[in-house]
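Colleague: sharing a sequence plus its predicted fold:
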Amino acid sequence: MPETRFRVMRVENKSQAPAALRDLEIETEVLSRVNADVVEADCQTEDEIIEAAQDADALLVVFAPITRRVLSSLPKLKVVVRYGVGYDTVDADAATDSNVLVVNIPDFCLEEVSDHALALLLACARRLVWSTEGVKQGRWGDVQLGTINEPSLFEQTLGIAGCGNIGRRIAKKARCFGLKTIGYDPYLDKSAADKHGIRLVGLPELLKESDYVCLQTPLNQETHRLIGEKELKQMKPTAYLINTARGAVVDEAALIKALREKWIAGAGLDVFEKEPIAPDSPLLKMDSVVLTPHSSVHTSTAMKRLRLSVAQEAARVLTGKWPRHRVNRGVKPKVDLVKED
């Protein structure tokens, strides 16, 4: 019998793809061992994905919209593997209905994102960007006075909304700076929170008590615009909002209003509702805002690990094994799978 060959396709808008994913060298090396051809398609719409991926056994995706229509139009598709922890670009319920596995990489970039969240917090707390610009402009005395008037970080309160793997790491690292940590997570058991030094509270209480509010929730129907005008008004006028989760967890227009009207002191943002951020966004002109280009995950080591994990998960499914991590737990795959020893 002829040897079975598989077709693995990365479907992505190349203009939006992270620079670290501009080639398929790692994925090709891993998947070639299981007789899989790895190809790439530049796709921006559902129609383009459907046309390109008609014969695909597996899809590798970052931001590509894998919708119900896409999933129902790809008869050979067995698995969708998402580069990263979040899977908001994939309709997991529709995948279950189409007997397609959805796989994510939940142990990706845990240290990198938690480090970045704290870097943004520290930059806000110590007004580092403002200070740097002031020194470069010759305003030494003004900068000294401005930083002297800032409160000490020690014994202030960090509120973490979303206390999963990354949120718990943020709490652990924050305690090294003397920060007290509280958390909001309706899915986290109190005993697990206590183990990590996090006092669980409701969202309104977290917003009211925190000097820094760090968002680390997934993006789904429950968390879409979790933070809007109502929530921002509940924060202290001296508090900062840190977002290293997803841009759409925050109502960006409401945040801009809150910053302009000084409902809060400032923000540290790595993610935005639309990326790249628009060149005319008011956020770009605000001294109280620290911005980074969705770069919290981007270290060479982390990206290599991610690409290797994505390829290995696709290979597992194609060779009849369950993946290490699957999103849609109730799915009935199109092929029989066995657990690895």
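Modeller: Structure received. Numbering: from 1, shown residues only.

Colleague: C-terminal to the helix or strand that contains residue 121, what's the next element?
Modeller: Using DSSP states H and E, the element containing residue 121 is helix 110-125. For helix 110-125, the following helix or strand on the C-terminal side (DSSP H and E) is helix 128-136.

Colleague: buried set for that following helix?
Modeller: Residues 129, 130, 131, 134 are the ones in helix 128-136 that count as buried (16 or more other Cβ atoms under 10 Å). No exception for glycine: its C-beta is placed from N, CA and C like everyone else's.

Colleague: before we move on, what about stretch 263-281?
Modeller: Neighbour-count burial for stretch 263-281 [16+ other Cβ under 10 Å]: 263-273, 277, 281.

Colleague: list the contacts of the helix holding residue 121.
Modeller: Applying Cβ atoms under 8 Å, 6 or more residues apart in numbering, the external contacts of helix 110-125 come out as 128-129, 150, 153, 158, 165-166, 169-170, 173-174, 177, 212, 214, 216, 240, 242, 244, 265-270, 290, 292, 295-299, 302.

Colleague: ok now it, how far from the chain's centre?
Modeller: Relative to the centre of its chain, helix 110-125 is centred 14 Å away, using Cα atoms, centre = their mean, to the nearest Å.

Colleague: for it, C-alpha coordinates in PDB please.
Modeller: Provided in PDB are the C-alpha atoms of helix 110-125 (Å, rounded to 0.1, in the frame of the first residue of the first chain):
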ATOM      1  CA  LEU A 110       4.100  31.700  31.200                       C
ATOM      2  CA  GLU A 111       7.300  33.300  32.500                       C
ATOM      3  CA  GLU A 112       7.600  35.800  29.600                       C
ATOM      4  CA  VAL A 113       4.100  37.300  30.000                       C
ATOM      5  CA  SER A 114       4.200  37.400  33.800                       C
ATOM      6  CA  ASP A 115       7.600  39.200  33.500                       C
ATOM      7  CA  HIS A 116       6.200  41.600  31.000                       C
ATOM      8  CA  ALA A 117       3.100  42.400  33.100                       C
ATOM      9  CA  LEU A 118       5.400  43.300  36.000                       C
ATOM     10  CA  ALA A 119       7.600  45.300  33.700                       C
ATOM     11  CA  LEU A 120       4.600  47.400  32.600                       C
ATOM     12  CA  LEU A 121       3.500  47.700  36.300                       C
ATOM     13  CA  LEU A 122       7.000  48.900  37.300                       C
ATOM     14  CA  ALA A 123       7.300  51.300  34.400                       C
ATOM     15  CA  CYS A 124       3.900  52.900  35.400                       C
ATOM     16  CA  ALA A 125       4.800  52.900  39.100                       C
END
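
Colleague: what comes up buried for it?
Modeller: Buried, per 16+ other Cβ under 10 Å, within helix 110-125: 110, 112-121, 123-125.
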